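Novice: okay, predicted coordinates and the sequence, questions at the end:
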Amino acid sequence: MTPPALIATDVDGTLLDEYEQVTPRTKDAVNAAVDSGTRFILATGRPPRWVAPVVDALGFAPLAVCANGSVLYDPSTDRILSVRTLSIDALVRLADLAHRVLPGAGLAVERVGESAHDAATPQFVSSPGYEHAWLNPDNTEVSLTDLLSAPAIKLLIRQVGATSSDMAAELVKHIGSEADITYSTNNGLIEVMPSGVSKATGIAEFADPLGITADETITFGDMPNDVAMLAWAGHGVAMGNAHPAAIAAANEVTTPNTDDGLARVLERWWP
């Protein structure tokens with residue numbers, strides 16, 4: 001393979017190690033690629049406000065495809081470049097579907113303001129009793145009516161004790177073309193996206209104006225929310241710790257994120 005013109009990588013479970021750090025080896029490999037002129041972007045399920053620690057770990061501020069493709073964010077200027085949202089009507093219908101299909105499920109939404117740190121916009125709001133799948137200090141608990149009162153970049157459906165794969169299998173029977181569903185953990189959490197939105201569409205939104213094609217792009221990921229970009233890229237790389245769906249979508253499987261799997265691939269061109 002010739003060196004890729006664009007590298008796009010997932011963050012958690014892929015770029016970061018088990019301590020949520022960028023190892024020195026991975027940092028060196030990424031910087032060598034960037035120094036050569038190859039473009040590098042993040043493609044994450046994280047909202048924009050959770051990109052800063054990754055930027056700090058890398059030592060530079062790449063463009064970020066956030067919220068599984070719903071948001072294009074420039075951390076160097078703290079600017080939201082583009083946003084795709086679920087409408088209020090869609091959220092109401094999806095909330096009703098979730099409550100019918102997954103009784104007892106909790107709901108939350110991600111919103112975005114003019115920047116990643118727009119204090120005027122509560123960016124993560126949950127319905128009463130929502131139990132987080134991971135630590136979320138940004139949570140604001142509101143009524144279900146308030147939760148569904150504004151467009152959102154994604155809807156989260158949480159069912160404690162369930163697996164995300166089982167939840168997804170049930171939801172996909174009913175959701176139709178209203179929205180797309182995915183997940184980045186198997187711990188009972190589904191992420192509902194605007195229809196047609198994925199990390200692949202977010203990467204393409206960045207690449208197209210630069211004249212970079214999918215064939216010139218390499219992507220790295222580990223979970224079902226990475227499947228679209230692994231399949232879209234000219235070369236998709238699943239981590240050794242990846243979900244079977246990500247492995248099936250990839251052209252190659254590297255070593256796990258705990259063993260510098262991303263760096264090992266980039267070092268073919270930038271040793």
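Specialist: Received it, and whenever you're ready, just let me know what you need. Numbers count the residues shown, from 1 in each chain.

Novice: test my guess that residue 221 contacts residue 238.
Specialist: Yes: the pair residue 221 / residue 238 is scored as a contact, 6.5 Å apart, by CB atoms under 8 Å. To be clear about C-beta, it is placed using only N, CA and C from the backbone, and glycine gets the same treatment.

Novice: could you chop the chain up by domain?
Specialist: Per the record, the chain has its domains at 6-83+198-266, 88-194, by automatic domain parsing.

Novice: which helix or strand contains residue 55?
Specialist: Remark: residue 55 resides in helix 52-58, with elements defined by DSSP states H and E.

Novice: list the buried residues of that helix.
Specialist: For helix 52-58, a neighbour-count test (16 or more other CB atoms under 10 Å) marks 54, 57-58 as buried.

Novice: and what of stretch 128-139?
Specialist: Those buried within stretch 128-139 under the rule 16+ other CB under 10 Å are 130, 132-133.

Novice: again with stretch 72-80
Specialist: Buried-residue list, stretch 72-80, by 16+ other CB under 10 Å: 72-75, 78, 80.

Novice: now, which of those sits nearest residue 195?
Specialist: Proximity of the buried residues of stretch 72-80 to residue 195 (CB to CB) peaks at residue 72, which lies at 17.7 Å.

Novice: need the buried residues of helix 52-58 in CSV with distance to residue 34 and pLDDT, can you?
Specialist: Below are the buried residues of helix 52-58 laid out as CSV (distance: CB to CB, whole Å; pLDDT from 0 to 100):
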residue, distance to residue 34, pLDDT
54, 14, 98
57, 14, 97
58, 9, 97
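
Novice: now, of the domains of the chain, which is deepest in the fold?
Specialist: domain 6-83+198-266 (a mean of 20; mean count of other CB atoms under 10 Å).

Novice: first-to-last residue distance for that domain?
Specialist: Terminal residues of domain 6-83+198-266 are spaced 12 Å apart (CA to CA, to the nearest Å).

Novice: next one: that domain to chain centre, how far?
Specialist: 9 Å (CA atoms, centre = their mean, to the nearest Å).

Novice: just give me the residue right at the centre of the chain.
Specialist: In the chain, the C-alpha closest to the average C-alpha coordinate belongs to residue 45, at a distance of 2.0 Å (CA atoms, centre = their mean).

Novice: OK, contacts around it?
Specialist: 10, 12, 66-68, 184, 191, 225 (CB atoms under 8 Å, 6 or more residues apart in numbering).

Novice: before we move on, the earlier item: identify the contacts common to residue 221 and residue 238.
Specialist: 230, 246, 250.

Novice: so which of these belong to strands?
Specialist: In strands, judged by DSSP state E, none of the shared contacts of residue 221 and residue 238 are found.

Novice: all set, thanks.
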